[in-house]
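Student: Give me a 3D structure for the following:
(2 chains, ligands or ions: 3)
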Amino acid sequence: MYAQLVKSDAADDSPEARAFQARIDRGEKIEPKDWMPDGYRKTLIRQIGQHAHSEIVGQLPEGNWITRAPTLERKAILLAKVQDEAGHGLYLYCAAETLGVSRDELTEMLLDGRMKYSSIFNYPTLTWADMGAVGWLVDGAAIMNQVPLQRTSYGPYARAMVRICKEESFHQRQGFDIMMKMANGTEAQRRMAQNALDRFWYPSLMMFGPSDKDSVHSAQSMAWKIKMNTNDELRQKFVDQTVPQAEYLGLTVPDPDLRWHDETGHYEFTQPDWSEFMDVLRGNGPCNADRLAARNKAWDDGAWVREGLMAHADKKRAAKVAAE
Amino acid sequence: MTNADKAARREWPLWEVFIRGQHGLSHRHVGSLHAADAEMAMKNARDVYTRRHEGTSIWVVPSAQITASAPSDKGPMFDPADDKTYRHPTFFDIPDDVGAM
Ligand SMILES: [Fe+2]
Ligand SMILES: [Fe+2]
Ligand SMILES: [Fe+2]
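Tutor: Ligands and ions are numbered 1, 2, ... in the order given. Next comes the predicted model:
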């Protein structure tokens, strides 16, 4: 998902760790100053950090189209959507910081590649229809994962998720609205919409990560309630929800083996190419280098602003002390 | 990272944000943010936490200024209330004949 392949540290078997697990099993929320196993803390920092980085880097593919939106209204909407994503990143960095890591440390780990962000943002947005596909599919997949995380065991993370989920459904709807317009437009527009779906379908399925039903990491994260569903469960749910929406649009999901099964009440579908996924995670996707370069440039170009504002704050504080 | 490291890096300090949702309600903690000074903390709080009419008033407080109770003090601080149920009106049986009270 926004946090893919998060490695979870093993739990220890101390009496404290057992009491901690009992609290989680009772449905209690863990708060920043409460005792927690080291593995829980480290795993959460990785997961929330990766999620935050995804929100921030996720602004880039959509930011690409702000100046080229077809109407002023679409431009204002896209701007608001991208601004929300910046907010999501900030809510999540706050939650991660309560675990004892600083914002700047997290940023540096993103910039030098020690921390990851979601594979999906390493794909390019080539046409305006991609803004529709991203909102509809990418935000749609994010919602699938984020809604259950509102019940996660770590209080600050759960509260950030509540706030984020309130804002996400606007994102998905504005995307679907673009798709409806394009799918019902001229023949060229319809082709553009189909092409966007063709390119974003499998990368969206990859967002949930490879099957983890046998993974020990996932089992530990699920026991800690920082992961609420398996990747396969969420992916299935996403396919079941999205295919009828594509039909409504009159578009074709690019999967010749897609079949509905009455007995199971689910679609059978083709898995994405997992070797492509691993390759994108390793940094070889179409836009990995661009995305990291853009983030590094923003950070470096902003250094004088960060320093200047601190100097200004120091000067004001000194003047105030002198006046007292 | 130690506080000395953070100071050396000159990271913008952390602020806690409180918002009054509607007239007549108290301010509630909504999250935190980084800012160089109070003025900027206020501007950022507006952008980060009130994009959809979430508030009618904002407080920003330097996180370092907050004194919090420790989780380990939970027992001594809050348990004494357990055996003082007479502080609640439902402790007393007043006959129905008395009327509203
Ligand atoms: Fe988001
Ligand atoms: Fe998003
Ligand atoms: Fe979103």
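
Student: Going by length in residues, pull out the top helix of the chain.
Tutor: Just so you know, I chose chain A. Determined from DSSP state H, the single longest helix within chain A is helix A:155-183.

Student: Correction: the question concerned chain B.
Tutor: Per DSSP H, chain B has its longest helix at helix B:38-49.

Student: Which is the succeeding secondary structure element to that helix?
Tutor: Sequence-wise, the next helix or strand downstream of helix B:38-49 (DSSP states H and E) is strand B:57-62.

Student: Quick check: the gap between A:His266 and ligand 2.
Tutor: 26 Å (CB to the ion, to the nearest Å). From N, CA and C alone the C-beta is placed, and that goes for glycine too.

Student: and the stretch 151-300 of chain A, which of its residues are near chain B?
Tutor: By CB under 8 Å from any CB of the partner chain, the residues of the stretch 151-300 of chain A that approach chain B are A:159-160, A:163, A:167.

Student: ok, the residues you listed vs ligand 2, which is closest?
Tutor: A:Glu167 (9.5 Å; CB to the ion).

Student: Skipping its backbone neighbours, what lies nearest the closest one in space?
Tutor: With CB to CB, 6 or more residues apart in numbering or on different chains as the criterion, A:Glu167 has its nearest non-adjacent residue at 5.0 Å, and that residue is A:Asp84.

Student: Quick check: buried residues in the helix or strand where the one you found lies?
Tutor: Using DSSP H and E, A:Asp84 falls within helix A:72-97. For helix A:72-97, the neighbour count (16 or more other CB atoms under 10 Å in any protein chain shown) marks A:74, A:77-78, A:81-82, A:84-85, A:87-97 as buried.

Student: Residue ranges in the chain under the pLDDT threshold?
Tutor: I'll assume chain A. A:1, A:5, A:10-11 (pLDDT under 70).

Student: could you do chain B instead?
Tutor: B:1-9.

Student: Quick one: the helices in it, in order.
Tutor: Under DSSP H, chain B gives helices at B:3-9, B:38-49, B:74-78.

Student: got it, and chain A?
Tutor: A:15-25, A:38-57, A:59-63, A:72-97, A:103-111, A:129-133, A:139-149, A:155-183, A:187-206, A:216-223, A:231-249, A:274-279, A:288-301, A:303-323.

Student: Kindly compare burial across those helices and name the winner.
Tutor: Mean neighbours per residue, mean count of other CB atoms under 10 Å in any protein chain shown, is largest over the helices of chain A for helix A:129-133, with a mean of 27.

Student: Can you redo the helices of chain A as a markdown table, where the extra columns are distance to B:Phe92?
Tutor: Converted to a markdown table, the helices of chain A look like this (distance: least, CB to CB, whole Å):
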| stretch | distance to B:Phe92 |
| --- | --- |
| helix A:15-25 | 35 |
| helix A:38-57 | 46 |
| helix A:59-63 | 59 |
| helix A:72-97 | 44 |
| helix A:103-111 | 53 |
| helix A:129-133 | 64 |
| helix A:139-149 | 45 |
| helix A:155-183 | 36 |
| helix A:187-206 | 61 |
| helix A:216-223 | 46 |
| helix A:231-249 | 52 |
| helix A:274-279 | 66 |
| helix A:288-301 | 64 |
| helix A:303-323 | 55 |
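
Student: Can you say which of those helices is nearest to B:Asp47?
Tutor: Set against B:Asp47 and scored by CB to CB, the helices of chain A come closest in helix A:72-97, at 7.8 Å.

Student: got the angle for the closest one vs helix A:38-57?
Tutor: Angle of helix A:72-97 versus helix A:38-57, following axes from the mean of the first three to the mean of the last three CA atoms, to 10 degrees, is 160 degrees.

Student: Now do helix A:72-97: which elements does it pack against?
Tutor: With contacts taken as 3 or more CB pairs under 8 Å, 6 or more residues apart in numbering or on different chains; DSSP states H and E, helix A:72-97 sits against helix A:38-57, helix A:59-63, helix A:103-111, helix A:155-183, strand B:27-34, helix B:38-49.

Student: if you set the cut-off to 7 Å instead, what comes out?
Tutor: Packing partners of helix A:72-97 (3 or more CB pairs under 7 Å, 6 or more residues apart in numbering or on different chains; DSSP states H and E): helix A:38-57, helix A:59-63, helix A:103-111, helix A:155-183, strand B:27-34.

Student: Pretty sure A:Pro203 sits against A:Ile120.
Tutor: Yes. At 5.4 Å, A:Pro203 counts as touching A:Ile120 under the criterion of CB atoms under 7 Å.

Student: Save the helices of chain A as a markdown table, and put in distance to ligand 3 too.
Tutor: Formatted as a markdown table, these follow (distance: least, CB to the ion, whole Å):
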| stretch | distance to ligand 3 |
| --- | --- |
| helix A:15-25 | 28 |
| helix A:38-57 | 8 |
| helix A:59-63 | 9 |
| helix A:72-97 | 6 |
| helix A:103-111 | 19 |
| helix A:129-133 | 12 |
| helix A:139-149 | 4 |
| helix A:155-183 | 4 |
| helix A:187-206 | 13 |
| helix A:216-223 | 23 |
| helix A:231-249 | 15 |
| helix A:274-279 | 21 |
| helix A:288-301 | 17 |
| helix A:303-323 | 26 |
